[in-house]
Every structure is written in C-alpha cells, then in structure tokens.
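**Student:** here is my input; please provide its structure:
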Amino acid sequence: MTAAASARGVLLVLVSWTPDAPAGIERATAALAVGLARNGHRPVIATAAQQPEGPGLPGVTIAPLYLDGVRFPCDDGVLRRAVTYQDTPLTRQIRDLITEHRIDTVLFTDALWGLGRLRGDVPGHVRRALAAHVKPHALDAGPALARATRVIVPSTVVRDELAGWAPRNLRVVPNALMTDATVAVPPPSRREQLRRNGPVRVLARLGPEKGVLGLLEALSGWDRPIEVALAEAGFEESPGSQARLCGASVEAAARAASVHVRGALPWDEVLPWLAGAAAVIVPSHKETFGLVALEAMSVGTPVIAYRIGNLPALIGPTGHGEHLLVDRDQGPTGLLKATQTLLEDDILYAATTQTVYRRAAHFEPRRIADFFLEAVS
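**Tutor:** Residues are numbered from 1 along each chain as shown. Below you'll find the predicted structure:
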C-alpha cells in the first residue's frame, strides 16, 4: 500500500478555533492536526471564528463554518441556542466538508464547542469521534455520546468522571504537545543562572478555575520577580467575566512590587517564555490534563502545582515529581513555599529539570497522532 493510499482524512471541528488562542482545547487540537500532517495524513480544522492573515499550521487546512448569531467570546448558553437552531445547516456544512476533503474521520472536539451535540448524521463510512476534554454539560452529553463511534478523553480523570454514563467506546488519548524545534532548551549553566535569579512565571487564560487571582493576592512579602501572562479566550463563564477578572488581577498585582502582568502570548512565544523561567506555577483548581504544565516541562522548567486533576499523573510519576505538588488545602502560600524550597536546592533543582524534560518527550505530536488514529479505528 502506498503512502498516499494509507493517508487518512481527518476533520477536527471546533467553532472557536483560531491560531494563538489561549486555551488548551484549541492548542491541543492544533497539535493533533500538526502530528497528523507530519505523519502524512490530511487534517482539516473546521471553525466559525474569524481567522487572521498569515501562515497557518504546516500541512493543515483551515475550513470556515458559518454560524449565525454568534460573536466570540461568548458563553455556553449563547452558543448552545445557536447550534440547536442551526443543527440542520451545520450538519450540511460538515457533510460538504467530508466530501470536499475526502474525510474518513470526524473529530467533534467537544460536545458543544466542537459541535458533538449535532443530531444530524454523517455518511455511514465516516467514523464519528467525540473528544471530551472535560465532562460535557448534561444538555449536550446525551446526543454527543450516543452518536459517537468513539469517545476520546485526555486523561483517566475525565474517564472516571464519565463513568456514570459508562460509554463502552471510550479511549484515553493524551493531548499532544506543540513542539518547536527552534526553541533551545536552556543548558545546565543557564538553568543554574535562572535558578538563582530568574523570574517565576505563570501562564493562564482568564478563568476563575485557573486560580491566578488567589495567587496574586498571596504575594505580599514575596521579593522574587513574578511574571504573569493572562489572556482572553473565545469562551467565558458569563458575559464580561474575563474582563472583570483581568481588572481584579491587575489590581492585585499592583499591590506587590515584584509582580508584572502582561497580556496574551502568541503560540510561537509560549515555549521560549516558559524556558526563560526559573519555575512555572500552575495555580489551577481544576485540570483535566494540564497543557501549560506539560509545555513548561518540555523545555526543562519545573512546575509547581496543586495535587488535583491530572497534574499528579503528569508531574508526579517523575522521580522528582512529588515535591512539585502541593495539597489544595495549603492554598497559594503552599505553592509559593514549594517554589522557594525548590529554588534554594541546586542539586534537587538540576535533577528535576532533567526529569521533567524527559517526561514531556512522551507527548510528541506524531506519537499522539498515531495513538489517536489507533483509538478511532
């Protein structure tokens, strides 16, 4: 069989997808698409969001979806009403894309935002997979789970959350890492410089579950530089909630002289920025995977986080991972104390940077793309 004959056409549907979006589902979707392209397949991302000009993802086609009455950012309620009302025309668009791009697998990347709840059918020869990055809302879960030939989850945490619905066709496929061969992992000498006087960094979208505001409010008396990058995603808890959280975060940061808050980072700046940190704090109260933690690990930067969600599985199995995890009831001060302890121990720090770097290599996009195709076949 020739390489062309074995190539697969995969349509990844996510209505809010844009390059540089500061959200894990968008970045994970892009990484999977890139991995598929590198393996010789034909990935297509279908999105209703306006796309910027400029080069896209190598080997990946971006296809427009038309969704009336929705402007991003929006909340679940606005999108759900629009999708419900436009179920038939959206299904027709998906079917047209299947024909145009010779698609054999459709991945609805979420029950709502990835249009997994659509009731319309795809052609019988096409596999219909659903990615549940988080437990779907009850209003979307029924049709999404019932129609999927495969349900893909990024971690055992989500698998266990779906246990009550007991989908028999569920597979665990971790999120892929957006690798960048041009990013240099700091050598040991540079790492030691960062340990002694480099900044501690935090990267998050503006969501209350990310825990950034609580961390900023706990920084009184902390004298090491803290740099925080906050960004607005295409979805939010309620209208204006991201703007309000941003304002509160900026106010809290202003009360600590060592803190600098900046806006969103383009995707090609994420890994270099994380590589230039002495350590990265992930103060999230909930993480079904932990993509920011993985990205930091991929450039050898230690990650301090709560012992919640998938983070223990991502960080803890490493030989030097347990000291990076903090019980949730210790709060932000516990995160800061663990960070300080790590940075004061040069031997432990050097061993940790090497271990987390090796751990992250397991999530290379071509490898995850193979896992995905095996899971949906």
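**Student:** and the gap between A163 and G40?
**Tutor:** 36 Å (CB to CB, to the nearest Å). (C-beta placed from N, C-alpha, C; glycine too.)
**Student:** neighbour count: those two, which is higher?
**Tutor:** Using other CB atoms under 10 Å as the criterion, A163 and G40 rank with G40 on top: 12 against 9.
**Student:** give me the number of residues near T88?
**Tutor:** Number of residues near T88 (other CB under 10 Å) recorded here: 11.
**Student:** not counting its neighbours along the chain, what's nearest it?
**Tutor:** Counting by CB to CB, 6 or more residues apart in numbering, G120 is the residue found nearest to T88 once chain neighbours are left out, at 6.3 Å.
**Student:** state whether that neighbour is indeed within a strand.
**Tutor:** No - assessed with DSSP: H, G, I helix; E, B strand; the rest coil, G120 is coil; it does not lie in a strand.
**Student:** which residues touch it?
**Tutor:** For G120, the contacting residues are D87, T88, L90, T91, R92, I94, R95, by CB atoms under 8 Å, 6 or more residues apart in numbering.
**Student:** just these now: which is nearest P187?
**Tutor:** If you rank these by distance to P187 using CB to CB, I94 comes first, at 47.9 Å.
**Student:** how close does that closest one sit to L342?
**Tutor:** Taken as CB to CB, the span from I94 to L342 is 48 Å.
**Student:** show me which of these two is the more surrounded one.
**Tutor:** Between I94 and L342, counted using other CB under 10 Å, I94 has the larger neighbour count: 25 against 19.
**Student:** you'd agree that one is up against L115?
**Tutor:** Yes - assessed by CB atoms under 8 Å, I94 is found in contact with L115 at 7.4 Å.
**Student:** okay, and the common contacts of those two?
**Tutor:** With contacts defined as CB under 8 Å, 6+ apart, the residues shared by I94 and L115 are V13.
**Student:** in JSON lines: the contacts of G120, plus distance to V10, pLDDT and secondary structure.
**Tutor:** As requested, the contacts of G120 are exported to JSON lines (distance: CB to CB, whole Å; pLDDT from 0 to 100; DSSP: H, G, I helix; E, B strand; the rest coil):
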{"residue": "D87", "distance to V10": "23", "pLDDT": "95", "secondary structure": "helix"}
{"residue": "T88", "distance to V10": "24", "pLDDT": "95", "secondary structure": "helix"}
{"residue": "L90", "distance to V10": "19", "pLDDT": "97", "secondary structure": "helix"}
{"residue": "T91", "distance to V10": "18", "pLDDT": "96", "secondary structure": "helix"}
{"residue": "R92", "distance to V10": "20", "pLDDT": "97", "secondary structure": "helix"}
{"residue": "I94", "distance to V10": "13", "pLDDT": "97", "secondary structure": "helix"}
{"residue": "R95", "distance to V10": "16", "pLDDT": "97", "secondary structure": "helix"}
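**Student:** between the residues you listed, which is nearest A176?
**Tutor:** Minimum distance to A176 across the contacts of G120 is 23.2 Å, recorded for I94 (CB to CB).
**Student:** quick one: residues contacting the closest one.
**Tutor:** Contacts of I94 (CB under 8 Å, 6+ apart): L11, V13, A46, V106, L115, L118, G120, V122.
**Student:** tell me the contacts of the nearest residue in space to L65 that is not next to it in sequence?
**Tutor:** Take L65 and drop its neighbours on the chain: the residue closest to it by CB to CB, 6+ apart is A48, 4.3 Å away. A48 is in contact with V15, S16, P64, L65, Y66, L67, V70, counting by CB under 8 Å, 6+ apart.
**Student:** which residue in those residues has the weakest pLDDT?
**Tutor:** Among the contacts of A48, V70 carries the lowest pLDDT, at 91.
**Student:** how far away is that one from V83?
**Tutor:** Taking CB to CB, one finds V70 at 9 Å from V83.
**Student:** so which of these two has more stuff around it?
**Tutor:** Set V70 next to V83 and count neighbours by other CB under 10 Å: V83 wins out with 20 against 16.
**Student:** check contacts around that one.
**Tutor:** L67, L90, L112, L115, R117, L118.
**Student:** from those residues, keep the buried residues only.
**Tutor:** L67, L90, L112, L115, R117, L118 (16 or more other CB atoms under 10 Å).
**Student:** filter the contacts of A48 down to the ones in helices?
**Tutor:** Taking DSSP state H, every one of the contacts of A48 sits outside helices.
**Student:** need those in a markdown table (columns: distance to G334).
**Tutor:** Converted to a markdown table, those look like this (distance: CB to CB, whole Å):
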| residue | distance to G334 |
| --- | --- |
| V15 | 38 |
| S16 | 34 |
| P64 | 46 |
| L65 | 44 |
| Y66 | 48 |
| L67 | 43 |
| V70 | 40 |
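**Student:** just the buried subset of those, please.
**Tutor:** The neighbour-count test (16+ other CB under 10 Å) applied to the contacts of A48 identifies V15, S16, L65, L67, V70 as buried.
**Student:** can you put the buried ones among the contacts of V83 in JSON lines and add distance to G276?
**Tutor:** Putting the buried ones among the contacts of V83 into JSON lines (distance: CB to CB, whole Å) gives the following:
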{"residue": "L67", "distance to G276": "39"}
{"residue": "L90", "distance to G276": "43"}
{"residue": "L112", "distance to G276": "36"}
{"residue": "L115", "distance to G276": "38"}
{"residue": "R117", "distance to G276": "41"}
{"residue": "L118", "distance to G276": "43"}
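**Student:** farthest-apart pair in those residues, please.
**Tutor:** Maximum pairwise distance among the buried ones among the contacts of V83 (CB to CB): 13.4 Å, between L67 and R117.
**Student:** perfect, that will be all.
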